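Here is my input; please provide its structure:
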Amino acid sequence: MGIDEKLSLNTYKVYKISHIIVDKEKCNICSDKPCIYCCPAGTYSLEKNDLIISFEGCVECGTCEIVCPYKKIRLTYPPLGHGIIYRYG
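Below you'll find the predicted structure:
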């Protein structure tokens with residue numbers, strides 16, 4: 001089973017406040033924006049040169065924190081009871 005198929009099986013209990021903290025001032029000077037291309041859940045997108053963060057689908061893997069050249073993305077995990085309920089079968 002591929003990653004796309006596995007992600008489609010997940011059930012999300014979404015918290016109303018984003019758990020992703022981004023320094024958008026640094027995003028504006030970042031030319032590569034690797035977070036957009038490396039996120040397996042497609043959490044980040046670019047709209048009119050503005051970084052859009054769709055935190056609701058985040059799988060909390062931390063890839064965005066690792067690839068950010070300015071180290072200005074931080075995950076603060078949602079409160080207990082919110083997040084992803086994994087279903088692999």
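
Tell me where this protein is predicted with low confidence.
Low-confidence regions of the chain, defined here as pLDDT under 70, cover residues 12-13, 78, 80-89.

ranges for the strands of it?
Counting by DSSP state E, the chain has strands at residues 11-13, 20-22, 44-47, 50-53, 73-75, 83-85.

Next, format those strands as JSON lines and append distance to residue 29 and mean neighbour count.
For the C-beta atoms, the positions are set from N, CA and C on the backbone; glycine is no exception. Putting those into JSON lines (distance: least, C-beta to C-beta, whole Å; neighbours: other C-beta atoms under 10 Å) gives the following:
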{"stretch": "strand 11-13", "distance to residue 29": "32", "mean neighbour count": "10"}
{"stretch": "strand 20-22", "distance to residue 29": "13", "mean neighbour count": "16"}
{"stretch": "strand 44-47", "distance to residue 29": "14", "mean neighbour count": "14"}
{"stretch": "strand 50-53", "distance to residue 29": "12", "mean neighbour count": "14"}
{"stretch": "strand 73-75", "distance to residue 29": "14", "mean neighbour count": "17"}
{"stretch": "strand 83-85", "distance to residue 29": "32", "mean neighbour count": "15"}
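
Now render those strands as TSV, adding distance to residue 5.
Compiled in TSV, the strands of the chain are given as follows (distance: least, C-beta to C-beta, whole Å):
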stretch	distance to residue 5
strand 11-13	15
strand 20-22	25
strand 44-47	22
strand 50-53	25
strand 73-75	24
strand 83-85	15
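
All the helices of the protein, residue numbers only.
Assignment of helices within the chain using DSSP state H yields the ranges 3-9, 24-29, 34-38, 63-67.

Could you list every helix and strand in contact with the second one?
In other words, helix 24-29. Applying 3 or more C-beta pairs under 8 Å, 6 or more residues apart in numbering; DSSP states H and E, we find helix 24-29 packed against strand 50-53.

Identify the residues contacting the strand it packs on?
Under the contact criterion C-beta atoms under 8 Å, 6 or more residues apart in numbering, strand 50-53 has outside partners 18, 20, 22, 24, 27, 33, 35, 36, 43, 44, 45, 46.

Kindly indicate which of the residues you listed lies nearest residue 57.
Out of those, the one with the shortest distance to residue 57 is residue 43. That distance is 5.9 Å, counting by C-beta to C-beta.

I am finished for the moment; much appreciated.
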